[in-house]
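S.K.: Take this sequence and fold it.
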Amino acid sequence: MNEKEKHELKADFERDGYVFIPGFLKGDTLRELLSNIDRYLETIAPKLPHGSVLYEDINRPETLKQTGKLHRHDKYFERLYYGNRFEKLAEILLGSSLSREADNFQYFNKPPKEGLPTPPHQDGYYFKIKPCEAVTMWLALEEVDEENGCVRYVKGSHQRGMRPHGLSGTLGFSQGITNYGTNEDKANETTFHAQAGDLLIHHAMMIHLAGANTSTTRTRKAIGMIYYSQNAKVDHEAKAVHEAKAVHQLKLGGQS
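M.R.: Numbers count the residues shown, from 1 in each chain. Next up is the predicted model:
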């Protein structure tokens, strides 16, 4: 990526709150990632502590929906998270070197017929950082559209402050915006279809959501990586309170 392309990408990100890069991973690099995802889910995820892997139905392993911190449990994902193309791209978009306080590399799935909607939310509400300078990178591992629950952004919403959040009842996304659905929200909602290897990146203040997986046969698999600006400082007290609420919700759902 040359300097002009970097400048244009950053300008689009600052204006809209997101950028879309088709084919960010392809060929052998993408095949290697998919192979390592399969290996991780088969050999590592089943050994993780209770509550580290979330299921739509905890009694049915095929309904696995989410697991985090892949980079802590496997060298391949550690190399992918740190010092790779994703991290360098985050530095371009944030205009800053990165903080090592960010520690989040997740795998997501919406199983056929059972993958629930992702509530409208802003990632910064979960992060508890000041200033709220961070990006989420979401990479599709397969084709994604309305049927199996594609991502939707509210264009420009990263510039309009933090919205009120409350308990959502959705495991893995414990908080959702409580007043979502205004005319402005709907007018600016943008839907993204994606193919395996396509990358979506959004600002931590960006309002986003995703539909349920209504397909009877298709999954909706993706990975997500979080990066904080060097300027961002974690409010550890607020984060501890948030995490305690999340653990409580997991217990209510029988997954902790």
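
S.K.: Quick check: nearest residue in space to the most centrally placed residue in the chain, chain neighbours excluded?
M.R.: The residue lying closest to the centre of the chain (Cα atoms, centre = their mean) is G224, at 4.2 Å. Spatial nearest neighbour of G224, chain neighbours left out: Q106 (4.6 Å); criterion: Cβ to Cβ, 6 or more residues apart in numbering. C-betas here are computed from N, CA, C, even on glycine.

S.K.: Contact partners for the one you found?
M.R.: Applying Cβ atoms under 8 Å, 6 or more residues apart in numbering to Q106 gives the contacts 66-70, 223-225.

S.K.: mind checking pLDDT for the residue nearest to the centre of the chain?
M.R.: Here the pLDDT value assigned to G224 is 98.

S.K.: buried residues in the helix or strand hosting it?
M.R.: Per DSSP states H and E, G224 falls inside strand 222-229. Within strand 222-229, the residues that count as buried by 16 or more other Cβ atoms under 10 Å are 222-229.

S.K.: and these as CSV, adding distance to G211?
M.R.: Shown next, in CSV, are the buried residues of strand 222-229 (distance: Cβ to Cβ, whole Å):
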residue, distance to G211
A222, 14
I223, 19
G224, 17
M225, 22
I226, 23
Y227, 26
Y228, 28
S229, 31
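
S.K.: of all the residues you listed, which two lie farthest apart?
M.R.: Farthest-apart pair in the buried residues of strand 222-229 is A222 and S229; separation 23.4 Å (Cβ to Cβ).

S.K.: Helices of the stretch 151-256 of the chain, start to end?
M.R.: Using DSSP state H, counting those that start in this stretch, the helices of the stretch 151-256 of the chain run over residues 183-188, 236-252.
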